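Undergrad: A structural model of the following input is requested.
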Amino acid sequence: MLFHRLVRKAGLLGLTILILLVLAISTVIARPTAYAASAVTINGGTTFQTINGFGFSEAFGQASNIESAPSSTQQQVLDLLFNTSTGAGFTILRNIIPSDSNHTIEPTSPGSPSATPTYTWDGNNWGQVALSKQAMSYGVNQIYADAWSAPGFMKTNGSESNGGTLCGAPGAATCSTGDWRQAYANYLVQYIKDYASSGVTVSNVGFVNEPSFNASYSSMIMSGAQSANFIKVLGPTLASAGLSTKIVCCDSEGWNLASGDVGAITSDSAALAFVNNFSSHGYTAAPTSMISTGGKPIWETEWATFDGLDNAWDDGSDASGFTWAQHIYTGLTSANLSAFLYWWGAIGSSTTDNEGLLQINGSTVTTAGRLWALANYSRFIRPGAVRIGATSGDSNLQVSAYKNSSGSVSAVVLNTSSSAITASYALSGTGVANGTTVTPYLTNGSNNTAAQATTSVSGGSFSATIPARSLVTYVLSGTGGVTPTPTTGTTPTATPTATNTPTPTPTTTGTTPTPTPTTTSGTACSVHYAITNQWSTGFGAGFTITNTGTTTINGWSLKFAFPNGQTITQLWNGSYTQSGSAVTVTNLSYNGTLAPGASLSSEPGFNGTWSGTNSPPTAFTLNGTACSVV
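TA: Residues are numbered from 1 along each chain as shown. Just a heads-up that it's a prediction; the model follows:
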C-alpha cells in the first residue's frame with residue numbers, strides 16, 4: 001500500500017512538473033513580442049517645395065447654396081471650410097469666370113474684336129463675390145479665378161460649350177469675325193477689375209480649363225502651343241492694366257495630360273516668363289510623379305469622385321477620407337505639389353455623389369471624411385511653409401513634414417496598418433528645442449482633426465502611438481522659419497511690351513552688378529511696389545521700375561526705406577544691402593539697361609519678414625533721382 005502511495009505521489013509530482021513546464025512554455029510562446037518603436041527622422045536641413053495652400057471651388061452656382069442658407073448654417077459652413085481652429089483652414093478659393101449668357105460679364109458680341117465691348121457686372125457673380133469676401137475675412141488672400149471657356153462669339157464653334165477654340169489661336173479654324181485673342185485678354189482683365197470694384201483682389205487667373213476635354217457644358221479646346229501663344233497676349237495685357245494678378249495654366253484634366261501642356265510652355269521662354277505656376281486635375285491620372293516645370297510651382301486644382309455619396313473615413317472606397325489622405329500625401333511627396341484643391345467644398349442636397357467635402361440640407365450640415373483628411377494638412381501647413389525631409393523606417397507609416405514661416409513644424413503621419421504603431425520621431429535641423437510641446441491632431445472613424453493629449457521633445461526626439469488606420473498631425477512650435485523660394489507664388493510678373501515676345505527672366509547668378517550706375521540729364525523714373533504674397537510673419541513683394549525720362553539708364557541703384565521695420569531675407573533679379581530700414585537694390589549684369597519709356601525686363605522681387613504692420617515704402621530714388629510712386 002505504501003509502495004503504491006509513493007508511486008502515486010511520484011506520478012502526481014511528475015505530472016505537476018510536466019503541467020507547470022507546459023504552462024511555462026505556452027506562456028513564453030503566447031507572450032507578445034516586444035518590438036522597438038518604429039523610427040522616423042525629420043530633417044529640417046533637407047528642403048523641397050514651398051507650399052502655397054489647400055482649397056476648393058464653389059463654381060457653377062454652388063456658392064449660391066452657401067449664400068442662401070440660413071445665417072447660422074452659413075456660419076457653420078464657413079467655419080468648417082476656413083476656420084483654423086475648428087475647420088479645415090483652407091487658404092485658396094477657386095472661382096469660375098462664367099462664360100454662359102446668364103452669368104458672363106460680356107453676354108453680347110460687340111460685332112468684331114476691335115469694337116468696344118459692353119460689359120455687365122452684377123456684383124454677385126453666381127454667389128462667388130460674397131463667398132470671396134467671407135473667405136477674405138478668415139485671412140484668405142488667394143482667390144484663383146479660372147475660365148472654363150471664352151464667350152461663345154470669340155470661339156471657332158460660336159458656342160461657350162462643346163469645345164471650340166479661341167479665334168486667332170495658331171492652327172485654329174479661321175473665324176469670319178477675326179482674331180479674338182486680344183479681346184479675350186481684355187475680357188479677363190475686366191473681370192479682375194470688376195472683382196476689385198467689389199472689394200475682392202483676384203490673385204491668380206487661368207484662361208482655360210481641361211483644354212483637351214470637349215464637354216457639353218462650358219469648355220474650350222486649346223493645345224499646349226495655343227496656350228503658350230495666348231499667354232504672350234495675356235501677360236502684357238495684365239501688366240499694362242497695372243495688375244499683379246498671376247497667370248496659371250492650364251488646369252489639364254489629369255497628370256498624364258499636364259506634362260504636354262507644361263512642356264509646350266516651358267519650351268517657349270517668352271511664354272514661361274509670364275506664367276506664375278502650372279496646374280492640373282487628377283481625373284485621367286493622379287499626381288504621382290514630378291513634372292518638369294522650369295522652376296515654377298505646380299498645383300493640383302480639381303479632383304473628385306462621382307459614385308454615390310460616401311462620407312465615410314475608411315470603408316475601402318475611392319471616396320473615403322483615408323483614400324484622400326493617401327492622395328494628398330502622394331501628391332505632396334511624389335509630385336512636389338505646392339497646392340492641393342478638391343473640387344467643390346460645400347454642395348447642396350441635390351448633389352448625390354462625392355463632388356463635395358460637406359453637404360448642406362436645409363439647416364443640417366454633414367461633413368465627409370475627405371474634409372478632415374484635408375484639414376489635417378491645411379490647418380497646420382500654412383502658405384509659405386516649406387516641405388522638409390521626413391523618412392520612416394516603417395512602411396506602414398506615410399510621413400511628410402513641413403516648416404512654417406513662423407518656425408513651427410507640422411509632421412503629418414498616416415498609419416496604413418490595421419494595428420496601432422508606436423514611433424520615435426528624431427528631429428534634426430528643425431529649430432525645435434527640447435521641452436517643446438507636441439500636440440497631436442487625430443482623424444479617423446471616431447475623430448475629426450481632434451486635439452489629443454500632448455507630449456514633449458526630449459533629447460531631440462519625441463515618441464507617440466498612432467492608432468490603426470488613422471491620420472495624425474503632430475504640431476511642434478519652433479523658431480527660424482525656412483525662407484520660401486521665389487517660385488512659390490512670388491515670381492515677378494514679366495514687364496509689358498508692345499509686342500507679344502517678352503524677354504524671359506534670366507537665372508539670378510549673384511554676380512557683381514554691371515554696368516555701373518550712371519546719372520545723366522533727362523533721367524526720370526516711376527516705381528510700382530506690390531506685395532504679391534503675405535503670411536503670418538513673412539511676405540513677398542516686387543518692383544516695377546520704369547524709365548519715364550528721355551535718356552537710357554545704364555546701370556541702376558534703387559534706394560528706399562521700410563516704414564515698419566521689415567527685413568529682406570531673399571532677393572532675385574538684383575543685389576541688395578540693408579542697414580536698419582534703409583535698403584539699396586542694384587542691377588545685375590543682365591538687367592542694367594533701361595530704355596526711355598521702358599520697364600525692366602527682369603524686375604527685382606524679394607521675400608521678407610514683417611511684424612505688426614506691413615506698409616509699403618512711400619519714396620524711392622533711382623540713381624539719386626526721386627521717382628514717382630505709382
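
Undergrad: Only C-alpha atoms from now on, for both contacts and neighbour counts.
TA: OK.

Undergrad: Phi first, then psi, for residue 133.
TA: Main-chain torsions, residue 133, degrees, to the nearest 10: phi -60, psi -40.

Undergrad: now the spatially closest residue to it that is not a sequence neighbour: how far from residue 129?
TA: Computed as CA to CA, 6 or more residues apart in numbering, the closest residue to residue 133 that is not its neighbour in sequence is residue 200, at 6.5 Å. Residue 200 sits at a distance of 7 Å from residue 129 (criterion: CA to CA, to the nearest Å).

Undergrad: Can you pull the residues that touch both of these two?
TA: Residues touching both residue 200 and residue 129 by CA atoms under 8 Å, 6 or more residues apart in numbering: none at all.

Undergrad: Hmm, the residue nearest to residue 133 is touching residue 134, no?
TA: No: using CA atoms under 8 Å, residue 200 is not in contact with residue 134, being 10.2 Å away.

Undergrad: More neighbours: which of these two?
TA: Shown here are residue 200 and residue 134; by other CA atoms under 10 Å, residue 200 has more neighbours (18 against 15).

Undergrad: Surely residue 593 is in contact with residue 555?
TA: Yes: counting by CA under 8 Å, residue 593 sits close enough to residue 555 to count as a contact (5.9 Å).

Undergrad: Start from the N-terminal end of the stretch 501-630 of the chain and give the strands.
TA: Under the criterion DSSP state E, counting those that start in this stretch, strands of the stretch 501-630 of the chain are mapped to 525-534, 538-547, 553-554, 557-561, 567-572, 575-579, 582-586, 593-594, 605-609, 620-622, 625-629.

Undergrad: Need phi/psi at residue 615.
TA: Per-residue torsions, residue 615: phi -80, psi 150 (degrees, to the nearest 10).

Undergrad: Could you measure from it over to residue 561?
TA: Counting by CA to CA - residue 615 and residue 561 are separated by 11 Å.

Undergrad: More neighbours: which of those two?
TA: Per other CA under 10 Å, whichever of residue 615 and residue 561 has more neighbours is residue 561, with 19 against 13.

Undergrad: Tell me what the spatially closest residue to the more buried one that is not a sequence neighbour is bridged to.
TA: In space, and not counting its chain neighbours, residue 561 is closest to residue 582: 4.4 Å by CA to CA, 6+ apart. For residue 582, the beta-bridge partners under DSSP bridges are residue 561, residue 579.

Undergrad: Residue 607 too?
TA: Beta-bridge partners for residue 607, by DSSP bridges, are residue 540, residue 570.

Undergrad: That one contacts residue 541, correct?
TA: Yes: with contact defined as CA under 8 Å, residue 607 counts as touching residue 541 (6.5 Å).

Undergrad: Which residue ranges of the stretch 101-250 of the chain form strands?
TA: With DSSP E, counting those that start in this stretch as the criterion, the stretch 101-250 of the chain has strands spanning 142-147, 204-206, 246-252.

Undergrad: Please tabulate those strands in CSV, including the columns mean pLDDT.
TA: Output for the strands of the stretch 101-250 of the chain, formatted as CSV (pLDDT from 0 to 100):
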stretch, mean pLDDT
strand 142-147, 98
strand 204-206, 98
strand 246-252, 98
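
Undergrad: which one of these lies closest to residue 403?
TA: Ranking the strands of the stretch 101-250 of the chain by distance to residue 403, with CA to CA as the measure, places strand 142-147 first at 20.1 Å.

Undergrad: Each with direction, which strands does that closest one pair with?
TA: strand 92-97 (parallel), strand 204-206 (parallel).

Undergrad: who touches the residue nearest to residue 133 in this structure?
TA: Residues near residue 200 by CA under 8 Å, 6+ apart: 129, 132-133.

Undergrad: Now render those as a markdown table, adding distance to residue 65 and neighbour count.
TA: Shown next, in a markdown table, are these (distance: CA to CA, whole Å; neighbours: other CA atoms under 10 Å):
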| residue | distance to residue 65 | neighbour count |
| --- | --- | --- |
| 129 | 13 | 19 |
| 132 | 14 | 25 |
| 133 | 16 | 18 |
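
Undergrad: Reformat these as a markdown table; add pLDDT.
TA: Shown next, in a markdown table, are the contacts of residue 200 (pLDDT from 0 to 100):
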| residue | pLDDT |
| --- | --- |
| 129 | 98 |
| 132 | 98 |
| 133 | 97 |
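
Undergrad: Was I right to think residue 367 contacts residue 311?
TA: Yes: between residue 367 and residue 311 there is a contact at 6.9 Å, judged by CA under 8 Å.

Undergrad: Neighbour count for the two, which is higher?
TA: Set side by side, residue 367 and residue 311 show more neighbours around residue 311, with 22 against 18, by other CA under 10 Å.

Undergrad: what about the nearest residue to that one once chain neighbours are set aside, neighbour count?
TA: Sequence neighbours aside, residue 368 is the residue nearest to residue 311 in space, at 4.1 Å (criterion: CA to CA, 6+ apart). A count of nearby residues for residue 368, using other CA under 10 Å, gives 21.

Undergrad: Spit out the contact partners of residue 368.
TA: Here residue 368 is in contact with 310-313, 320-321, 357-358 (CA under 8 Å, 6+ apart).

Undergrad: which ones are touching residue 110?
TA: 116-118.

Undergrad: wait, which of those is closest to residue 80?
TA: residue 118 (39.1 Å).

Undergrad: Residue 107 versus that closest one, what's the distance?
TA: 8 Å.

Undergrad: and if you look at residue 150?
TA: Distance from residue 150 to residue 107, by CA to CA: 11 Å.

Undergrad: Need the overlap of contacts for those two.
TA: By CA under 8 Å, 6+ apart, the residues touching both residue 150 and residue 107 are residue 99.

Undergrad: What are the boundaries of the helices in the protein?
TA: Taking DSSP state H as the criterion, the chain carries its helices at 2-30, 62-67, 71-82, 128-137, 181-197, 224-240, 255-266, 269-272, 321-334, 369-378.

Undergrad: Switch those over to TSV; also include distance to residue 294.
TA: TSV is the format used below for the helices of the chain (distance: least, CA to CA, whole Å):
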stretch	distance to residue 294
helix 2-30	58
helix 62-67	35
helix 71-82	32
helix 128-137	31
helix 181-197	24
helix 224-240	14
helix 255-266	6
helix 269-272	8
helix 321-334	17
helix 369-378	26
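
Undergrad: Tell me which of those helices lies nearest to residue 566.
TA: helix 128-137 (23.4 Å).

Undergrad: who's in contact with the closest one?
TA: Identification of contacts with helix 128-137 by CA under 8 Å, 6+ apart yields 58-59, 63-64, 66-67, 78, 82, 93, 95, 123-124, 143, 195, 198-200.
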